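K.L.:
for reference, the sequence and a predicted model appear below.
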Amino acid sequence: MKFAISTTLLYLSGLVASASVYPRQSCPEATRFGILTVSSPSGATSYNPGDDISIKVDLTCAVNDFGIVPAYLDYTIVVPASENNGHEPPIVLARRTVPAGSLLDEFTTKVSVI
């Protein structure tokens, strides 16, 4: 099974709490849940089970400009129905708790299919 970042959807979801909202300056609305960056240490653009991937989420705009403070973040890959038999469950990469006051979540994990 091969996963191409361009044809899969990497979902980032989290439980959020309210915080004081600073005036928006340079953050577009699309950044309200963070800015997600996915890369491979090898520079690959598609991923196979067992491959390492690095994930980084910058929460600066989400917290400072939109007042969205995540308690935790779920990282999953959802394979579109058009790319498989229509019955593939999401692949859970990680569930991470965001430390209080942190504006960055960054880690490396392996793509695994059970």
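P.N.:
Sure thing, it's come through.
K.L.:
quick one, helices of this protein?
P.N.:
According to DSSP state H, the chain carries its helices in the segments 60-64.
K.L.:
low pLDDT regions in it?
P.N.:
Counting by pLDDT under 70, the chain has low-confidence residues at 1-25, 113-114.
K.L.:
please redo it, this time with the cut-off set to 90
P.N.:
1-27, 29-30, 39-52, 76-93, 99-101, 110-114 (pLDDT under 90).
K.L.:
which parts of it are strands?
P.N.:
3-4, 9-18, 35-39, 46-47, 52-58, 68-78, 91-97, 104-110 (DSSP state E).
K.L.:
any chance of a markdown table for the ones you listed, columns distance to Pro28?
P.N.:
From N, CA and C alone the C-beta is placed, and that goes for glycine too. Shown next, in a markdown table, are these (distance: least, C-beta to C-beta, whole Å):
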| stretch | distance to Pro28 |
| --- | --- |
| strand 3-4 | 26 |
| strand 9-18 | 16 |
| strand 35-39 | 10 |
| strand 46-47 | 28 |
| strand 52-58 | 13 |
| strand 68-78 | 14 |
| strand 91-97 | 25 |
| strand 104-110 | 19 |
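K.L.:
nearest to Glu29, of these?
P.N.:
strand 68-78 (11.4 Å; C-beta to C-beta).
K.L.:
possible to save the strands of the chain as a markdown table with distance to Glu29 and mean neighbour count?
P.N.:
Listed next are the strands of the chain as a markdown table, based on distance: least, C-beta to C-beta, whole Å; neighbours: other C-beta atoms under 10 Å:
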| stretch | distance to Glu29 | mean neighbour count |
| --- | --- | --- |
| strand 3-4 | 27 | 15 |
| strand 9-18 | 15 | 14 |
| strand 35-39 | 12 | 15 |
| strand 46-47 | 29 | 18 |
| strand 52-58 | 15 | 18 |
| strand 68-78 | 11 | 18 |
| strand 91-97 | 24 | 15 |
| strand 104-110 | 20 | 14 |
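K.L.:
show me the contact partners of stretch 107-114.
P.N.:
1, 3, 41, 47-55, 75, 77, 91, 93-94, 96 (C-beta atoms under 8 Å, 6 or more residues apart in numbering).
K.L.:
noted, bye for now.
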